[in-house]
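In: Okay, structure incoming, though there's no sequence with it:
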């Protein structure tokens, strides 16, 4: 069964950190580009980061994530990790990961994990 599962969300105070994991089953994630997206209530889903396939040499961060979030691969766990530091209340959202094999679009999505930043 081809599946992506996000984990690591939760409630954290402003300035805190969380590490989100996107773990694949049924396929080898390192052969796919992986993106992290988030959707806050009443807002559209936005891409915040992605990492390329081919050893993940290329990464992208939205302006909102630059300097605070780091995307990386854990191939031993067939996963992609999003380390989020210095979290702000505006980071509160459901976070999703998705995989694609360029040039195709993202067509394999996880179910999402809730991140809430609040004091």
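Out: Now that the structure is in, tell me what you want to look at. What you see is a predicted model, and the numbers here were worked out from it, not measured in a lab. Residues are numbered from 1 along each chain as shown.

In: Please list all residues in contact with the closest residue to residue 61 other than its chain neighbours.
Out: Closest residue to residue 61 apart from its sequence neighbours, by C-beta to C-beta, 6 or more residues apart in numbering: residue 49 at 5.1 Å. Heads up, the C-betas are built off the backbone N, CA and C, glycines and all. Taking C-beta atoms under 8 Å, 6 or more residues apart in numbering, we find residue 49 in contact with 35, 36, 59, 60, 61, 62, 65, 69, 71, 82.

In: mind checking which helix or strand of this protein has the lowest mean pLDDT?
Out: When each helix and strand of the chain is scored by mean pLDDT, DSSP states H and E, strand 108-109 comes last, with a mean of 92.

In: Okay, now the sheet partners of the following helix or strand past it, with direction.
Out: Helices and strands here follow DSSP states H and E; after strand 108-109, the next one along the chain is strand 113-117. With DSSP bridges as the test, strand 113-117 is paired with strand 10-12 (parallel), strand 93-100 (antiparallel).

In: was I right about residue 96 contacting residue 115?
Out: No - at 11.0 Å, residue 96 does not count as touching residue 115 under the criterion of C-beta atoms under 8 Å.

In: Now the common contact residues for those two.
Out: Shared contacts of residue 96 and residue 115 (C-beta under 8 Å, 6+ apart): residue 38.

In: circling back: quick check on the contacts of residue 49: which are buried?
Out: Those of the contacts of residue 49 that meet the buried threshold are 35, 36, 60, 61, 65, 69, 71, 82, by 16 or more other C-beta atoms under 10 Å.

In: And the residue nearest the centre of the chain, how close does it get to residue 117?
Out: Nearest to the mean C-alpha position of the chain, counting by C-alpha atoms, centre = their mean, stands residue 36 at 3.1 Å. The gap separating residue 36 from residue 117 is 16 Å, by C-beta to C-beta, to the nearest Å.
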